[in-house]
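>>> take a look and give me a structure for this.
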Amino acid sequence: MRKIFLLFLLTAFLAFPSMAQDFEYEYEGQTIVYTILDENAKTCITRAGNLSSPGNRISGKLVLPAHPKFDDVSYTLTEIGVFSFIYLKDITSIEMPNTVTKIGRGAFDECSGLTELTIPNSVTEIALWAFSGCSGLTELTIPNSVTEIGDAAFYECSGLTEVTIPNSVTKIGYSAFFKCSGLTKVSIPNSVTEIGNATFSECSGLTELTIPNSVTEIGNEAFSKCSGLTEITIPDSVIEIGEMAFSKCSGLTEVTIPDSVTKIGKLAFSECSGLTKVTIPNSVTEISAGAFVFTSLTEVTIPNSVTELGAGAFMCTFLTEVIIPNSVRIIGESAFQDCGRLTEVTIPNSVTKIGEMAFCGCRLTELTISDSVTELGEGAFLACYALTEVNYITDHPKKFDNDWYYPMFSVETYDNATLYVMPEGLELAAETVPWKYFKNIQAKDFDAGVEEIISNTNSDIDPNTPMEIYTLDGKSISSSLDNLSPGVYIVHQGSLTKKIIVK
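Numbers count the residues shown, from 1 in each chain. Take a look at the predicted model:
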């Protein structure tokens, strides 16, 4: 419907005036109607059509002359007119002279019988929907004279198996190869700087792809539903990965995002059901909503450059481990919702907001929340039925709304888990929503047994001396004090072993 509407508008604005001079010329046994473009320059185009009918009606092999004649005057054919041969399903092959510089909008749209096409190296522009719906076309050579491939130029050319784009092309338009389901291999030249929205979307047969290091932006849905892709190399020239850029690429198993990328767009890798590993560099500052929703990630390390986790960013049912760095300020709505294998998480003291349902449905057994949190959304830890211990490191528990339709914690958590607060905050916790709903509230001296307390990484420990930092269960996690999440750790430095708490 969108395509028909746009074509209708283009017909209204771009079709040639009825007063323009048309003429017929017979060549190679076929009669084609032409329209004089410039009488002084003696140029012409094939007659334009419209949504109802093409500008010409022919079948079989179409051979266009370089110089059709009218009243014994030669005119140079420079352009294939708008919708000139639209809907002509019986055209089987096309030969154009090297006088043609532009193939107009919708010129051969829905010519489904077309199997052979030669584009001369005089052509610089292939316009919107020029060959869309040419499902019989299996081979395509784009000459190195072409600088722009228009929006949807080869839309639904499902028979195409391989395309080589020359290094003269600087722009590939929106949906240029959308639904070319037979396409298995694409070579994009390093002249291209941007891969447009939905350019290769739903190319389900695509198994091999090279993105050159000239590309700085991968557009929205650029490769969405390319289910045949098993690996992808994103060059370190790319700054932004657009919304749904690789959504539903179910064959992808591993992705390395280069350290040039600063933003991962909404739903960028959503529903990549085979994706088990992703490397996110510390150049990324924003992981947008749903970026990795419904993937098969088992663990993820969020770099300390990230300040916000978007809504539903990591709704991954297989996720067992996540490290949230001390740079994150906002954990969005449903960011980790239904991560049913996630058993432990530490909220760093940089976090000020935890969105609604952020950890709803996680299998957390222990939870640590810092006093830095000033906004806690409804249902943030709802349905975390395995919770036995909630550590709220504060001497002044804050009040947060506790809607009974979407309570902060489930009734089972309030009944069975123990809430620990600092001794100074014990009395206030028993009076403050939602903490007062815990049946078992106890004081905990979070500093007990600690030899040093570190705040903002100010410490007597020599940062220039090699060290190894372990969790209390002996797991090595770092060799630096920088960006440690709040908690208790063991530091081994030379002959020194010290227990520390990071606030």
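>>> F23: what secondary structure?
strand (DSSP: H, G, I helix; E, B strand; the rest coil).
>>> so what's the residue count around the residue nearest to it when sequence neighbours are not counted?
The shortest distance from F23 to any non-neighbouring residue, by Cβ to Cβ, 6 or more residues apart in numbering, is to F70 (3.9 Å). Yep, even glycine has a C-beta here, placed from its N, CA and C like the rest. Using other Cβ atoms under 10 Å as the criterion, F70 is surrounded by 16 other residues.
>>> residue boundaries of the strands in the stretch 101-250 of the chain?
102-103, 116-118, 125-126, 139-141, 148-149, 162-164, 171-172, 185-187, 194-195, 208-210, 217-218, 240-241 (DSSP state E, counting those that start in this stretch).
>>> got TSV for those, with distance to T285, mean pLDDT and mean neighbour count too?
TSV is the format used below for the strands of the stretch 101-250 of the chain (distance: least, Cβ to Cβ, whole Å; pLDDT from 0 to 100; neighbours: other Cβ atoms under 10 Å):
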stretch	distance to T285	mean pLDDT	mean neighbour count
strand 102-103	42	96	22
strand 116-118	45	89	15
strand 125-126	38	94	22
strand 139-141	40	85	15
strand 148-149	33	90	21
strand 162-164	35	84	17
strand 171-172	28	88	20
strand 185-187	30	85	17
strand 194-195	21	88	20
strand 208-210	27	82	16
strand 217-218	16	91	22
strand 240-241	11	92	22
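>>> among the ones you listed, which is nearest D371?
strand 240-241 (35.1 Å; Cβ to Cβ).
>>> next secondary structure element downstream of the closest one?
Remark: after strand 240-241, the chain's next helix or strand is strand 254-256, criterion DSSP states H and E.
>>> quick one: that following strand to chain centroid distance?
13 Å (Cα atoms, centre = their mean, to the nearest Å).
>>> and if you look at stretch 194-205?
So, by Cα atoms, centre = their mean, the centroid of stretch 194-205 is 11 Å from its chain's centroid.
>>> what's it in contact with?
Stretch 194-205 has contacts (Cβ atoms under 8 Å, 6 or more residues apart in numbering) with 151, 161, 171-184, 186, 188, 206, 209, 211, 215-228, 242.
>>> filter those down to the buried ones and hand me the PyMOL line.
To isolate the buried ones among the contacts of stretch 194-205 in PyMOL, judged by 16 or more other Cβ atoms under 10 Å, type:
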select buried, resi 151+171+172+173+174+175+176+177+178+179+180+181+182+183+184+186+188+206+209+211+215+217+218+219+220+221+222+223+224+225+226+227+228+242
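>>> still on that earlier bit, could I get the strands of the stretch 101-250 of the chain as a markdown table with distance to D415?
Shown next, in a markdown table, are these (distance: least, Cβ to Cβ, whole Å):
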| stretch | distance to D415 |
| --- | --- |
| strand 102-103 | 71 |
| strand 116-118 | 72 |
| strand 125-126 | 67 |
| strand 139-141 | 66 |
| strand 148-149 | 63 |
| strand 162-164 | 62 |
| strand 171-172 | 59 |
| strand 185-187 | 58 |
| strand 194-195 | 53 |
| strand 208-210 | 53 |
| strand 217-218 | 49 |
| strand 240-241 | 44 |
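>>> where does Y414 land in three-state SS?
helix.
>>> out of the strands of the stretch 101-250 of the chain, which is closest to T256?
strand 240-241 (12.2 Å).
>>> strand partners of the closest one, parallel vs antiparallel please.
Strand pairing for strand 240-241, using DSSP bridges, gives strand 217-218 (parallel), strand 263-264 (parallel).
>>> rewinding a little: the residue nearest to F23 bridge partners, please.
On DSSP bridges, the residues paired with F70 through beta bridges are V73.
>>> so who does it touch?
Q21, F23, Y25, Y34, I36.
>>> among those residues, who's most crowded?
Y34 leads the contacts of F70 on contacts (other Cβ under 10 Å) with 25 neighbours.
>>> my read is that residue is in a helix, agree?
No. Counting by three-state DSSP, Y34 is not part of a helix but strand.
>>> that one and L77 touch, don't they?
Yes. Look at Y34 against L77 with Cβ atoms under 8 Å: they come within range, at 7.2 Å.
>>> common neighbours of the two, please.
Between them, Y34 and L77 share the contacting residues C44, I45, T46, P68, judged by Cβ under 8 Å, 6+ apart.
>>> ok, so of those residues, who is nearest F83?
Distances from F83 to the shared contacts of Y34 and L77, taken by Cβ to Cβ, are shortest for T46, at 10.1 Å.
>>> check contacts around that closest one.
Contacts of T46 (Cβ under 8 Å, 6+ apart): 32-35, 55-56, 64, 77, 79-81, 84-85, 107.
>>> in terms of residue numbering, what are the domains of this protein?
Under the assignment automatic domain parsing, the domains of the chain span 298-446, 452-502.
>>> on that earlier part again, let's have the contacts of T46 in CSV, adding pLDDT and distance to S370.
Output for the contacts of T46, formatted as CSV (pLDDT from 0 to 100; distance: Cβ to Cβ, whole Å):
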residue, pLDDT, distance to S370
I32, 97, 76
V33, 97, 76
Y34, 98, 76
T35, 97, 73
G55, 96, 70
N56, 96, 73
L64, 97, 72
L77, 98, 73
E79, 97, 66
I80, 98, 66
G81, 97, 67
S84, 97, 67
F85, 97, 67
A107, 97, 63
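>>> redo these as a markdown table? Include distance to G133.
Output for these, formatted as a markdown table (distance: Cβ to Cβ, whole Å):
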| residue | distance to G133 |
| --- | --- |
| I32 | 21 |
| V33 | 23 |
| Y34 | 24 |
| T35 | 24 |
| G55 | 17 |
| N56 | 18 |
| L64 | 20 |
| L77 | 24 |
| E79 | 21 |
| I80 | 16 |
| G81 | 18 |
| S84 | 15 |
| F85 | 12 |
| A107 | 12 |
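>>> so V33 makes contact with Q21?
No. In this structure V33 lies outside contact range of Q21 using Cβ under 8 Å: 11.0 Å.
>>> nearest spatial neighbour of Y470, skipping sequence neighbours?
Nearest non-adjacent residue to Y470 (Cβ to Cβ, 6+ apart): I490, at 4.4 Å.
>>> what bridges to the one you found?
The partner residues for I490, given DSSP bridges, come to Y470, K499.
>>> what count of nearby residues applies to it?
I490: 17 neighbours (other Cβ under 10 Å).
>>> what's the pLDDT at it?
For I490, the pLDDT comes out at 77.
>>> from F200, how far out is it?
As judged by Cβ to Cβ, to the nearest Å, I490 and F200 stand 50 Å apart.
>>> let's test this: mean pLDDT of stretch 276-283, rounded?
On average, stretch 276-283 scores 93.
>>> can you list contacts of it?
253-262, 264, 269, 287, 292, 295-298, 300-306, 318.
>>> which of those count as buried?
Here, 16+ other Cβ under 10 Å leaves 255, 257-258, 260-261, 264, 269, 287, 292, 295-297, 300, 302-306 buried among these.
>>> in strands only, show me those residues.
Mapping those onto strands (DSSP state E) picks out V255, I264, I287, V300.
>>> got the residues you listed as JSON lines, with distance to A380 and pLDDT columns?
Shown next, in JSON lines, are those (distance: Cβ to Cβ, whole Å; pLDDT from 0 to 100):
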{"residue": "V255", "distance to A380": "29", "pLDDT": "92"}
{"residue": "I264", "distance to A380": "23", "pLDDT": "94"}
{"residue": "I287", "distance to A380": "19", "pLDDT": "94"}
{"residue": "V300", "distance to A380": "20", "pLDDT": "91"}
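>>> for those residues, which one is nearest N50?
I264 (43.4 Å).
>>> near the nearest residue to P303 once chain neighbours are set aside, how many other residues are there?
Spatial nearest neighbour of P303, excluding adjacent residues (Cβ to Cβ, 6+ apart): N282 at 3.8 Å. When neighbours are counted by other Cβ under 10 Å, N282 registers 14.
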